[in-house]
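In: mind folding the following:
(chains A and B)
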Amino acid sequence: MYNTLSKTKEPLETLQPGKVGIYLCGPTVYKPSHIGHMVGPIIFDSIKRYLTYVGYQVTWVVNITDVDDKLIAEASKRGMTMQAVAEEMTADYHRNLGAMGIDTIDHFPKATEHMAEIIDFTQKLIDRGFAYEAEGDVFFDVGRDREYGKLSGRSLEAMQGEGGGAAGRKKSSTDFALWKGAKPGEPSWKSPWGEGRPGWHIECSAMAGKILGESFDIHGGGLDLVFPHHENEVAQSECCHGKPLAKYWMHNGLMQATGESGKVGGRSRQAGEVGAASSVAEGDQAAQEAGKIGKSKGAAAFSELLKKYAGETIRFFLLSTHYRRPIDFSEERIDDVEKGLDQFYRFFERYKRVTGEDFYTLAAAAKREQGEFTPGVDAIEQAVAEHRKKFLEAMDDDFNTGGAIGDLFELVRLLNRFVDAEKLEGAGKSDAAKLAVLKRGASVMRELANTVGLFRSPVQKPGSSAGAGDELVGKLMKLFIEVRADARKNKNFATADGIRKGLAEIGVVLEDRPDGTSWSVQK
RNA sequence: GGCGCUGUCGCCAAGUGGCUAAGGCAGCGGAUUGCAAAUCCGCCACCGUGGGUUCGACUCCCACCAGCGCCUCCA
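Out: Alright, predicted model coming up:
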């Protein structure tokens, strides 16, 4: 796996044998989550599943930052208490995770529920000389940390800023707040330094330390958090405990909003070479349109996206590329991915028609070593074994879900080909031995998909399900199909095609098979 | 300006110092079908540009070009 700290891939060697502790930076709950917030959770949900499959016992923590300047601002804007805003957005976040099938997170610590730990942590840093109080604020003294900058690869000299609003009280502009004194009317907690609230980074250090220990295995987050958030976490935690915070740092690429402004940005940059200063603002504006989702004003709430796409579609979309790579977000792209996904869903339906069994509840190996696949005499089993191997190799190489999914596609095609070649579909065909081969292949598919949290249950696509489950609709469709079958029998194809065409226009697709006609609702 | 990432088929996207550079979407041809749909088969890439290292590079190094991120509170 790739480690931001060393900038190389390293083998996973856990602190405790067989156990992995993961801390992922969660959201600051001041606004509804957008798709960018789902990237980390989806990736780490898959990583946890995979590591569990490989044989580790994984503890995964995602924090909820529910006290923050932005939250205070949002609360006053909406005339609510900070707590009410936080609760509303936390609920939104949980709904989104649920829709995504992310149910492997073990702990969701909240900053406001860990004030004692945060204050204690801050006090320790003061006691050890790494932090200082100034008029009710407490700052981390960056100058005291020799290793500061090791994660993000920055030198202190290179970082000069004006120090924000608290410049006057800081020893150095690079110092950051551990504790902020409260202004009148702001939510606050009692502390040795007066009423106040925690700074941005401290809650992660305090809660990670409490749940996972002073040192743990993997710390994750978006690439944009490397600096300053993670750098500061490292600084305060390692100065406080005198030992490494996390052994591995994993950072996911950011979701980008696509826009036609890419060219505009390029042009203004070229202009900037001539008149350096003047074009900066221009460039920034272009970046807002084409840049990452987090800064894009048009970032739709994730819950809106879920009205259009199934959670699994989004998951598949994100998993289809490598986690460290930035992804451009556009609905066309998700549409494409969804079409590919349909290939799997159709196979699962076909599987049921052929074997009479449900793919989703198919028994499969839960652990890697249990699944070692010994091919039988059929050539197809050789191929299944190879795909399993390739899939696992891809996942072993820095969780390459994109490559792994490619193998899944090859696996479906293999299985489809087998059904075709052996003519397993159709009335009266039930060669038990061949069916057993199919089942073994499908169970490998089941096993592999489980490792990344895919195809866990049948998906209802938004927009395509309207009425489909309705009993009356079912009866009507049955009637249509019978009438049409009659027409076909009498070679009255004009009528038959007319029915099919008419239904297609209202989004119902008929498929004629040797053993009958099936129907489904398209989006 | 500093630190870093990326550039592979029309679009998306794996991957490798040397045998056929995955896969998906789109497209084209075929099998199948009364016609479709679905499925299967086949076709569709001189790996940003220019140097260098090497017996050999798309893969390593350098330069350049293009796009992108971070540089104090965005996952």
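
In: in stretch A:409-427, which residues are buried?
Out: A:411, A:412, A:414, A:415, A:418, A:419, A:422, A:424 (16 or more other CB atoms under 10 Å). No exception for glycine: its C-beta is placed from N, CA and C like everyone else's.

In: save the residues you listed as CSV, and put in pLDDT and secondary structure too.
Out: Below are the buried residues of stretch A:409-427 laid out as CSV (pLDDT from 0 to 100; DSSP: H, G, I helix; E, B strand; the rest coil):
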residue, pLDDT, secondary structure
A:411, 96, helix
A:412, 96, helix
A:414, 96, helix
A:415, 96, helix
A:418, 94, helix
A:419, 94, helix
A:422, 90, coil
A:424, 89, coil
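
In: tell me, which of these make contact with RNA strand B?
Out: A:412, A:419 (CB under 7 Å from any atom of the strand).

In: so can I have a markdown table of the buried residues of stretch A:409-427 showing distance to residue A:237?
Out: What follows is these, written out as a markdown table (distance: CB to CB, whole Å):
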| residue | distance to residue A:237 |
| --- | --- |
| A:411 | 43 |
| A:412 | 46 |
| A:414 | 48 |
| A:415 | 49 |
| A:418 | 54 |
| A:419 | 55 |
| A:422 | 59 |
| A:424 | 58 |
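
In: from the contact counts, what lies against the longest helix along chain A?
Out: The helix that spans the most residues within chain A, counting by DSSP state H, is helix A:331-355. Applying 3 or more CB pairs under 8 Å, 6 or more residues apart in numbering; DSSP states H and E, one finds that helix A:331-355 contacts helix A:311-319, helix A:401-421, helix A:432-451.

In: run the last query once more with 6 Å
Out: Using 3 or more CB pairs under 6 Å, 6 or more residues apart in numbering; DSSP states H and E, the elements in contact with helix A:331-355 are helix A:311-319, helix A:401-421.

In: list the buried residues in that helix.
Out: A:334, A:337-338, A:341, A:344-345, A:347-348, A:350-351, A:353-355.

In: so can I have JSON lines of the helices and strands packed on helix A:331-355 showing distance to residue A:83?
Out: Shown next, in JSON lines, are these (distance: least, CB to CB, whole Å):
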{"stretch": "helix A:311-319", "distance to residue A:83": "28"}
{"stretch": "helix A:401-421", "distance to residue A:83": "37"}
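
In: where do the strands sit along the stretch 1-150 of chain A?
Out: Applying DSSP state E, counting those that start in this stretch to the stretch 1-150 of chain A gives strands spanning A:2-3, A:8-9, A:19-24, A:57-62, A:131-134, A:137-140.

In: export the third one to PDB, keeping only CA atoms.
Out: Right, the one you point to is strand A:19-24. Coordinates of each C-alpha in strand A:19-24 appear next as PDB, following Å, rounded to 0.1, in the frame of the first residue of the first chain:
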ATOM      1  CA  LYS A  19      -5.200  -6.300  13.800                       C
ATOM      2  CA  VAL A  20      -5.600  -3.100  12.000                       C
ATOM      3  CA  GLY A  21      -6.700   0.200  13.400                       C
ATOM      4  CA  ILE A  22      -8.000   2.800  10.900                       C
ATOM      5  CA  TYR A  23      -8.900   6.400  11.500                       C
ATOM      6  CA  LEU A  24     -10.500   8.300   8.700                       C
END
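
In: tell me which residues are up against that strand.
Out: A:14, A:40, A:44, A:51, A:56-62, A:208, A:212, A:216-220 (CB atoms under 6 Å, 6 or more residues apart in numbering).

In: returning to that earlier point: who touches the longest helix of chain A?
Out: Contact with helix A:331-355 is made by A:309, A:313, A:316, A:317, A:320, A:359, A:412, A:424, A:425, A:435, A:442, as judged by CB under 6 Å, 6+ apart.

In: between helix A:311-319 and it, find me the angle.
Out: Helix A:331-355 runs at 120 degrees relative to helix A:311-319, counting by axes from the mean of the first three to the mean of the last three CA atoms, to 10 degrees.

In: how about the nearest residue to residue A:392, chain neighbours excluded?
Out: residue A:368 (7.2 Å; CB to CB, 6 or more residues apart in numbering).

In: would you confirm that the one you found contacts residue A:54?
Out: Yes - with contact defined as CB atoms under 6 Å, residue A:368 reaches residue A:54; the gap is 5.3 Å.

In: quick one: buried residues of stretch A:502-520?
Out: A:503, A:508, A:510, A:517, A:519.

In: that stretch near RNA strand B at all?
Out: Yes - legend: contact between stretch A:502-520 and RNA strand B by CB under 7 Å from any atom of the strand is shown at A:509, A:510, A:511, A:512, A:513.

In: distance check, the most centrally placed residue in chain A against RNA strand B.
Out: Nearest residue to the geometric centre of chain A (CA atoms, centre = their mean): residue A:42, 2.3 Å. Distance of residue A:42 to RNA strand B, given as CB to the nearest atom of the strand, to the nearest Å: 10 Å.

In: and residue A:229, how far is that from RNA strand B?
Out: In terms of CB to the nearest atom of the strand, residue A:229 sits 7 Å off from RNA strand B.

In: what's the neighbour count on the nearest residue to that residue once chain neighbours are set aside?
Out: Closest residue to residue A:229 apart from its sequence neighbours, by CB to CB, 6+ apart: residue A:201 at 5.7 Å. For residue A:201, the count of nearby residues is 25 (other CB atoms under 10 Å).

In: tell me where the model's unsure across the stretch 101-250 of chain A.
Out: A:158-167 (pLDDT under 70).

In: need phi/psi at the residue of it found nearest RNA strand B.
Out: Closest approach between the stretch 101-250 of chain A and RNA strand B, counting by CB to the nearest atom of the strand: residue A:222, at 2.4 Å. With angles defined as degrees, to the nearest 10, residue A:222 sits at phi -70, psi 150.

In: count of neighbours near it?
Out: 21.

In: for it, give its distance to residue A:182.
Out: Remark: distance between residue A:222 and residue A:182 (CB to CB, to the nearest Å) = 29 Å.

In: one more: residue A:494?
Out: Distance, residue A:494 to residue A:182, by CB to CB: 79 Å.

In: and if you look at residue A:10?
Out: Here residue A:10 is placed at a distance of 43 Å from residue A:182 (CB to CB).
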